[in-house]
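In: Sequence isn't available, so here's the structure alone:
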């Protein structure tokens, strides 16, 4: 059994087998998980916002889908992974509070925008999304195993899923 | 109106924000206490500046299941206000409010969630009216939205809003009922410009 490495909000990390990555209580943010099955290198970015070019304060690459995903790929390649072998799994992007309650706040749609950003940025990088558990209205804790690229998802009052 | 600089906050500014939390939460605690006819304690408010990466742990463990009641602040002050309640406390409060015996925690139905939203309304309303009379600013709360989930997932909502502006979040937090029967947190996260307005209205230089 390897170590479980924690990835915080606006954070990115990678690891090699037998280690694994986890992020706790993913809400509207996205956990974008990238895997090279030959090198058994797994990476995860827990980004909060879809687009760094629209925000003034954009020094932290891991905060955004575009810069976070490309930085993660770069670090994984440096560690011996190959982009041509990489596949991705994504989770999160929930709408934590329902809009019907009358608050018309941009924060309520951020989940959808974040999901869209994961798909478009991974596609632009030529990385296929092979599994996803996104949207809906609940938080998720995720664990991503470098051994086999398995993504385990836990949510309150729901059965544990592995995708 | 100028924004405050998060990296150079003075002790005086911290103290004033803490006092705001004290007055607001004091008023809110009294209102809640009267509503359920029970004594509820309150901790000394905490004003904290934390990096985004740590926000999910500010009220305990990330995966702790809490009821989150979220309201937007409007008027002269913009931002988010949240009332977070431990699941068990939320059941106790709802039952007290509805005059029912305490029963084993189960799912929250629509009526329970709506009662919790109402509790959030009362808490935010009394917090903000205290803040309003102190500063002379007009501050109103939007209709509450309520959800039950992991603390980190709920806290990500105001964190994302703040994340658009910087890599740290400044918030005013008060714990209600510390070790007692009811355990909850009021977290106020004004926008940067609003912090400036609040401090300026009290004659504090920014």
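Out: Thanks, I have the structure now. Just so it is clear, the structure is predicted and the values come from calculations on it, not from any experiment. Numbers count the residues shown, from 1 in each chain, chains lettered A, B, ... in the order given.
In: All the helices of chain B, residue numbers only.
Out: B:11-36, B:87-97, B:110-135, B:151-163, B:192-201 (DSSP state H).
In: Any chance of a markdown table for those, columns mean pLDDT and mean neighbour count?
Out: C-beta here means a position set from N, CA and C on the backbone, and glycine is covered the same way. As requested, these are exported to a markdown table (pLDDT from 0 to 100; neighbours: other CB atoms under 10 Å in any protein chain shown):
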| stretch | mean pLDDT | mean neighbour count |
| --- | --- | --- |
| helix B:11-36 | 86 | 18 |
| helix B:87-97 | 84 | 20 |
| helix B:110-135 | 87 | 20 |
| helix B:151-163 | 86 | 26 |
| helix B:192-201 | 83 | 19 |
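In: Which one of these lies nearest to chain A?
Out: helix B:151-163 (2.4 Å; CB to the nearest CB).
In: So that closest one, near chain A or not?
Out: Yes: Helix B:151-163 comes into contact with chain A (CB under 8 Å from any CB of the partner chain), by way of B:151-161, B:163.
In: Up against chain B, what does chain A have?
Out: Residues of chain A lying near chain B (CB under 8 Å from any CB): A:8-11, A:24-29, A:48-49, A:55-57, A:59-60, A:63, A:94, A:96-98, A:101-103, A:105, A:107, A:110, A:137-141, A:156-157.
In: which is the next helix or strand following the strand or helix carrying residue A:66?
Out: Per DSSP states H and E: residue A:66 is located in helix A:65-78. Note on helix A:65-78: by DSSP H and E, the next helix or strand toward the C-terminus is strand A:87-92.
In: quick one: that next one to helix A:65-78, angle?
Out: Angle of strand A:87-92 versus helix A:65-78, following axes from the mean of the first three to the mean of the last three CA atoms, to 10 degrees, is 140 degrees.
In: the inter-axis angle of strand A:87-92 versus helix B:151-163?
Out: 90 degrees.
In: any idea of the mean pLDDT in strand A:87-92?
Out: Regarding strand A:87-92, the rounded mean pLDDT is 96.
In: residues making contact with it?
Out: The contact list for strand A:87-92 (CB atoms under 8 Å, 6 or more residues apart in numbering or on different chains) reads A:26-35, A:37, A:111, A:114-115, A:118-119, A:122, A:127-134, A:140, A:142, A:144, A:149, A:151, A:153, A:163.
In: Pull out the buried residues from those.
Out: A:26-35, A:111, A:114-115, A:118, A:122, A:127, A:129, A:131-134, A:140, A:142, A:144, A:149, A:151, A:153 (16 or more other CB atoms under 10 Å in any protein chain shown).
In: From the residues you listed, which land in helices?
Out: Reading helices off the buried ones among the contacts of strand A:87-92 with DSSP H, I get A:111, A:114-115, A:118, A:122.
In: ok, so of the residues you listed, who is nearest residue B:145?
Out: residue A:111 (13.8 Å; CB to CB).
In: thinking again about what came up before, got the buried residues for the helix holding residue A:66?
Out: Those would be A:65-73, A:75-76, for helix A:65-78 by 16+ other CB under 10 Å.
In: and it, how far from the chain's centre?
Out: 12 Å (CA atoms, centre = their mean, to the nearest Å).
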